[in-house]
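> here is the input, now give the coordinates:
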Amino acid sequence: MTDPAALMQFNRLLSLLPEREMLELKHHGELVHLEKGSLLVRSGVPVSHIYFPVSGIASVIAVSSSGKRAEAGLVGREGFFPAVAAVGAEQAHSDIVMQLAGRGWRFPIAAFDQLQHEQPVLQHLLLKAVIAFSAQVAATALSNAVHSVEERLTRWLLMCHDRVDGNEIALTHDFIALMLAVRRPSVTSALHVLEGHGFIRSERGRITIRNRLAMEQFAHDAYGKAEKDYRRLMQGSLKGADLPPA
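Purely as a prediction, here's the structure:
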């Protein structure tokens, strides 16, 4: 059985911390199961914990005053959430829901704030991650404005694929519709297009990536820039180690 403390290494941010800082950090956190569909952070509610996933994917969802919802970004083992915790904000600006179940390190926000003050390297790394996530959010806004539903879906599936092991992703049409802010029939039609090209295989509640390279080509400029920004920001940080793709 894997030592829970060793799983810190599976979060790419935490894996970049020097050993002393990582050992100190683990004493303040706990490894928890993050259930699919669980609402871990609620917009407008005081932040109680900060999470560093080692598996699974969380969706950062913008919510309007009338209750309309659209995904602003994804967070997996490459990052942490909520981003506002890195700058000491008391309340979250978005809902954060687990779209794929996993595990992650959870820290009480008060203890983590103190650790940030004591560990400049941790604070520096978190701020880099916030910048990288803001690049992803900007790319999402641009893609929603200028790309077709098929290209947006391809981008989103590639981003999910970046954050899971293997080629199968457990996703329903209803959830994809929420994430892309489109109607369910539009998702079904777009999935048929991608399946017709041989990019994916779509089954009930599951999508299998069949040809990632072709998907990247099909997505054109919808995918890739934010991912390159992440690697540029994080490559060689702190320990000087090579960082796997996000």
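> can you give me the strands in this protein?
30-34, 39-41, 49-53, 57-63, 69-75, 95-100, 102-108, 168-169, 200-203, 206-209 (DSSP state E).
> what helices or strands is the last one leaning on?
Counting contacts by 3 or more CB pairs under 8 Å, 6 or more residues apart in numbering; DSSP states H and E, the secondary-structure elements packed against strand 206-209 are helix 149-162, strand 168-169, strand 200-203. All C-beta spots, glycine's among them, are computed from the backbone N, C-alpha and C.
> do you know which of the strands of the chain lies nearest residue 233?
With CB to CB as the measure, strand 69-75 is the member of the strands of the chain nearest residue 233 (15.1 Å).
> any weak-confidence spans in the protein?
Across the chain, residues meeting the criterion (pLDDT under 70) sit at 1-7, 236-246.
> which residue of it sits farthest from its center?
residue 196 (27.9 Å; CA atoms, centre = their mean).
> for this structure, longest helix please?
For the chain, the helix reaching the highest residue count under DSSP state H is reported as helix 120-146.
> could you list the buried residues of it?
Neighbour counts over helix 120-146 (16 or more other CB atoms under 10 Å) mark 122, 125-126, 128-130, 132-133, 135-137, 139-140, 143-144 as buried.
> now do stretch 102-120
102-107, 109, 112, 115-116, 119.
> then stretch 200-207?
Within stretch 200-207, the residues that qualify as buried by neighbour count (16+ other CB under 10 Å) are 200, 202, 207.
> restricting to C-alpha, output it in CSV.
Included here for stretch 200-207 are C-alpha records, laid out as CSV according to Å, rounded to 0.1, in the frame of the first residue of the first chain:
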residue,chain,number,x,y,z
ILE,A,200,-13.0,9.3,-29.4
ARG,A,201,-15.4,6.6,-28.5
SER,A,202,-18.5,7.8,-26.7
GLU,A,203,-20.5,5.4,-24.5
ARG,A,204,-23.0,6.0,-21.8
GLY,A,205,-21.2,7.9,-19.0
ARG,A,206,-17.8,7.3,-20.5
ILE,A,207,-15.6,8.8,-23.2
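> ok so, going back, with the buried residues of stretch 200-207 in mind, which one is nearest to residue 21?
Ranked by distance to residue 21 (CB to CB), those are led by residue 207 at 37.9 Å.
> could you check how far the residue nearest the centre of the chain is from residue 53?
Geometric centre of the chain, nearest residue: residue 75, 1.2 Å, by CA atoms, centre = their mean. Here the distance between residue 75 and residue 53 works out to 7 Å (CB to CB, to the nearest Å).
> rewinding a little: for residue 45, state which of the buried residues of stretch 200-207 is nearest.
Within the buried residues of stretch 200-207, the smallest distance to residue 45 is 32.0 Å, found for residue 207 (CB to CB).
> does that closest one touch residue 195 like I think?
No - taking contact to mean CB atoms under 8 Å, the distance of 9.1 Å between residue 207 and residue 195 leaves them out of contact.
> related to what we said a few turns ago, could you identify which of the helices and strands packed on strand 206-209 is most buried?
helix 149-162 (a mean of 21; mean count of other CB atoms under 10 Å).
> who are the packing partners of that helix?
For helix 149-162, the helices and strands in contact under the criterion 3+ CB pairs under 8 Å, 6+ apart are helix 120-146, strand 168-169, helix 173-180, helix 184-196, strand 206-209, helix 212-219.
> no more questions from me, cheers.
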